[in-house]
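Participant: quick one, structure for this:
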Amino acid sequence: MEHTLTEGSVNRAAARYSVPFLLSYLLQSLYGMADLYVMGLYSDTSGTTAVSVGSQVMHVLTVLFMGLAMGTTVTTARAIGAATKGSEEAKREVSRTVGTSLTLFGILSLLSAAVLICLVRPVTALMSTPAAAVADCSVYLTICFAGIPFITAYNVFAALYRAAGDSLTPLYFVAMACAANIGLDFLFTGILGLGAAGVALGTVLAQALSAVFAVIRTGKSGFFRLTFGDFRPVPRIIRSVMKIGVPVMVQDGLIQVTFIVITVLANRRELDDAAAVGIVEKMIGIFFMLPSTMLSTVSALGSMNIGAGKPDRALRTLRFAVLTALIWGLCVSVTMQFAAESVVGLFSPSSSVVRLGGTYLRGYIWDCALAGVHFCFSGYFNALGRSEFSFLHNFLSMLCVRIPFAYFASIRFPDTLFPMGMASTAGSTLSILICAAVFLSLRRKGKSEST
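Facilitator: Numbering: from 1, shown residues only. The predicted structure follows:
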């Protein structure tokens, strides 16, 4: 295992790491759209609705597991960074961290699958699933819940490789899963006519194939050298993983709650408002891929360099990520001020939806620049092992600005969605202020301790 990311050009290392990660995000988006596309071709409206609702539930669960897996990424990356100094004990710590993480997430995924299968009916009710789609949605969720161990396995192996600075191998994993999922969807739903069950089977089997490939590749490559004893859980490592991962998981969950609340507020207005918000939210997810990539880049590379005793490289990684995210966000934001209606018009023929979506996008899009900044700081706090600060600024932003602002705007401005779009931008402004204050405080504390 080479550790070139702790040496040489910081900018080159960050770029080499982030590009495959960004491509993985794009493929995962394609993966998510494939189920709905195939259902739209071969099923009726109730079937498509069932998969739409079910995929939203699975997206939230995947986000939560990915957040928790951040604890594995940071803990493993710091251990790998420390191992670059050549200590045999440090190298053993890497193996113990990897083995403990695999055991921990294996147990958690099995328990989650068992509990959620028992809660399929309550979950479909909680999502207000239309009556005609309840049966198909229940089948879809039951199969997908049973496949949670495979979904978790992919995400944990991806987290481990990224912790070692290898973001290319996880790209192979997701590319295989994406190709298999599309093929299996057409087989089970198009040819065999299994409907929602076929789409769910395609998803689970594709993830299983990816997980098996990850296990085989890891075993043959010797990327992580493990013995059976390494799979024995180490309480100290579990505490480290959970200390970092749980705040990130809760933070990501709260972000999903914010999106749901804003969607509910839009649904309480006219139908065109709801359609406009739904379209823009999907587009924002694409624009936010690069900021999200920068968050993960800072988390992984920052952790490795801090573990290697090179905190200055972690700071330079943060600067690179902030600059990259800010330039991207400003370019996209300025462009959308002139092209908002044209872009929204690609997804709806309705002039009213296009007009409303354009106003919502013009306000919302500035969050791409501002959120990019606090995403990078969140990655840095994660690398320091202080993910509670990431949770803090997101929680305060949601509670004090995003939701209240969106609620007020939805009532006070019934003819435009621009103020509702600005709710997220205003929330990110508060997040940046909190991140800056925490960052400066940590820097002052670090300097005082070194003198």
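
Participant: contacts and neighbour counts: CA atoms only from here.
Facilitator: Noted.

Participant: Ile244 reaches Ala383, doesn't it?
Facilitator: No. Look at Ile244 against Ala383 with Cα atoms under 8 Å: they stay out of range, at 9.1 Å.

Participant: list residues touching both of these two?
Facilitator: Val74 (Cα atoms under 8 Å, 6 or more residues apart in numbering).

Participant: can you tell me the closest non-neighbouring residue to Ser240?
Facilitator: Closest residue to Ser240 apart from its sequence neighbours, by Cα to Cα, 6 or more residues apart in numbering: Thr75 at 6.7 Å.

Participant: now the one you found: which helix or strand?
Facilitator: helix 45-83 (DSSP states H and E).

Participant: what's that helix packed up against?
Facilitator: helix 10-42, helix 88-118, helix 134-146, helix 148-163, helix 195-221, helix 235-267, helix 289-307 (3 or more Cα pairs under 8 Å, 6 or more residues apart in numbering; DSSP states H and E).

Participant: deepest of the ones you listed, which one?
Facilitator: helix 289-307 (a mean of 29; mean count of other Cα atoms under 10 Å).

Participant: and the angle from it to helix 45-83?
Facilitator: 20 degrees (axes from the mean of the first three to the mean of the last three Cα atoms, to 10 degrees).

Participant: what average pLDDT does helix 289-307 get?
Facilitator: Regarding helix 289-307, the rounded mean pLDDT is 89.

Participant: strands of the stretch 251-400 of the chain, residue ranges please.
Facilitator: Here the stretch 251-400 of the chain has no strands by DSSP state E, counting those that start in this stretch.

Participant: in three-state terms, label Asp415 for me.
Facilitator: Using DSSP: H, G, I helix; E, B strand; the rest coil, the structure places Asp415 in coil.

Participant: quickly note the distance from it to Arg319.
Facilitator: 41 Å (Cα to Cα, to the nearest Å).

Participant: repeat that for Phe213.
Facilitator: In terms of Cα to Cα, Phe213 sits 36 Å off from Arg319.

Participant: now do stretch 281-300: distance to the chain's middle.
Facilitator: 8 Å (Cα atoms, centre = their mean, to the nearest Å).

Participant: same check, this time on stretch 214-234
Facilitator: A distance of 25 Å separates the centroid of the chain from that of stretch 214-234, by Cα atoms, centre = their mean.

Participant: what does stretch 400-419 give?
Facilitator: 26 Å.

Participant: and if you look at stretch 196-211?
Facilitator: 20 Å.

Participant: tell me the contacts of the residue positioned nearest the centre of the chain?
Facilitator: Ranked by distance to the mean C-alpha position of the chain (Cα atoms, centre = their mean), the top residue is Val63 at 5.1 Å. Neighbouring residues of Val63 by Cα under 8 Å, 6+ apart: 249, 252-253.

Participant: swap the cut-off to 10 Å and go again
Facilitator: Listed by Cα atoms under 10 Å, 6 or more residues apart in numbering, the contact set of Val63 reads 69, 248-250, 252-253, 256.

Participant: returning to what we had before: the more surrounded of Asp415 and Arg319?
Facilitator: Legend: neighbour count by other Cα atoms under 10 Å for Asp415 and Arg319, higher for Arg319 (18 against 11).

Participant: was I right about that one contacting Thr297?
Facilitator: No. Counting by Cα atoms under 10 Å, Arg319 sits too far from Thr297 to count as a contact (11.7 Å).

Participant: give me the common contacts of these two.
Facilitator: Joint contacts of Arg319 and Thr297 (Cα under 10 Å, 6+ apart) are Cys376.

Participant: contacting residues for the closest residue in space to Pro149 that isn't next to it in sequence?
Facilitator: The shortest distance from Pro149 to any non-neighbouring residue, by Cα to Cα, 6+ apart, is to Ser109 (4.9 Å). Contacts for Ser109 (Cα under 10 Å, 6+ apart) come out as 65, 103, 115, 145-153.

Participant: can you check Ser296 too?
Facilitator: Applying Cα under 10 Å, 6+ apart, the residues near Ser296 are 17-18, 21, 70, 73-74, 159, 162-163, 290, 302, 321, 375-376, 378-380, 382-383.

Participant: in the stretch 1-150 of the chain, where is pLDDT below threshold?
Facilitator: 1-4, 32, 84-87, 128 (pLDDT under 70).

Participant: quick one: contacts for Gly379?
Facilitator: Gly379 neighbours (Cα under 10 Å, 6+ apart): 70, 74, 292-303, 318, 321, 385-387, 390.

Participant: scratch that, Pro170 is what I was asking about
Facilitator: 20-21, 24, 154-155, 157-162, 176, 210, 214.

Participant: separation between it and Ser18?
Facilitator: For Pro170, the distance to Ser18 - Cα to Cα - is 12 Å.

Participant: next one: Phe320
Facilitator: For Phe320 relative to Ser18 (Cα to Cα), the value is 11 Å.

Participant: what does Thr425 give?
Facilitator: 25 Å.
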